[in-house]
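**Student:** here's my sequence, what's the structure:
(2 chains)
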Amino acid sequence: MTVALKTAPYDAWDELKAYEQQRLTAGRYGACCAFTGTMRDFNEGDEVKAMSLEHYPGMTECQLEAIADEASARWPLLDTLILHRVGDIQPGETIVLTACWSAHRAASFEACRFLMEALKSRAPFWKKETLQDDSTRWVESNTPG
Amino acid sequence: MPVSVKFFAGLRESLSLSDLSLPADELHTVADVWHKATDGREPPENLLCAVNHQHSALDSTVSDGDEVGFFPPVTGG
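**Tutor:** Model prediction:
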């Protein structure tokens, strides 16, 4: 199980491939389910040109590890990966990657969804958007799904 | 040991409070910490709080050396 915060842009698919090669044994898993969340250039009817992601150092890692542990306790997973950007982000860049590996698909599908929904409600991250006129605003709530 | 208090995101900006340290005397709950740190301000309805990195409530107990965080609803992912 790995949880990491990324302070620079990253390629979710490169990370996924590298993790799989380093941490998993080919032939031992039959399913991998991955979700990536990417920064949009629009929100609530406005064009968004940049975003800053603040977090609570220490608590963030603690909450993400607890979420990954909970997923491992609920589903028969072989491994779990959570990556999340912090700091300044541009539209099109990956914010989050969650991935689960298991013998069969149901566990990976269900656990991956759980990781994202739990992260959205429990991990202490906050988004601040910069609009086209350089004004800024905090995102006040997550979209329902 | 004092209680360490941290504010985040829009709450940090609106209160102009970031990190502070309060003597633990007379601080029994998270609500006590909030009132002491903000000079008695009413907590916002959507206020979230944590004690030692665990989500907590205003009536959660606080002990010497604890870290208490206050923040608005989270918006990661």
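**Student:** residues contacting the closest residue to B:T29 other than its chain neighbours?
**Tutor:** Take B:T29 and drop its neighbours on the chain: the residue closest to it by CB to CB, 6 or more residues apart in numbering or on different chains is B:D59, 5.5 Å away. Heads up, the C-betas are built off the backbone N, CA and C, glycines and all. The neighbourhood of B:D59, defined by CB atoms under 8 Å, 6 or more residues apart in numbering or on different chains, consists of B:29-31.
**Student:** so which of those residues would you say is closest to chain A?
**Tutor:** Distance from chain A was checked for each of the contacts of B:D59 by CB to the nearest CB. The minimum falls on B:V30, at 14.3 Å.
**Student:** and chain A, which of its residues are near chain B?
**Tutor:** A:37, A:53-56, A:58-59, A:62-63, A:84, A:95-96, A:116, A:119-128, A:138-142 (CB under 8 Å from any CB of the partner chain).
**Student:** now the buried members of those residues.
**Tutor:** Of all the residues of chain A next to chain B considered here, the ones buried according to neighbour count by 16 or more other CB atoms under 10 Å in any protein chain shown are A:37, A:53-56, A:59, A:62-63, A:84, A:95-96, A:116, A:119-120, A:122-128, A:138-139, A:142.
**Student:** secondary structure element holding A:C33?
**Tutor:** strand A:31-38 (DSSP states H and E).
**Student:** what is the neighbour count of the residue of chain B found nearest chain A?
**Tutor:** In chain B, no residue comes nearer to chain A than B:G76, which is 2.7 Å away by CB to the nearest CB. For B:G76, the count of nearby residues is 26 (other CB atoms under 10 Å in any protein chain shown).
**Student:** ok, A:C32 - contacts?
**Tutor:** For A:C32, counting by CB under 8 Å, 6+ apart, the contacting residues are A:16, A:20, A:99-101, A:108.
**Student:** who wins for neighbours among these?
**Tutor:** By neighbour count, taken as other CB under 10 Å, the most surrounded of those turns out to be A:C100 (30 neighbours).
**Student:** thinking again about what came up before, what about the residue of chain B closest to chain A, which SS state?
**Tutor:** Assigned state for B:G76: coil (three-state reduction, DSSP: H, G, I helix; E, B strand; the rest coil).
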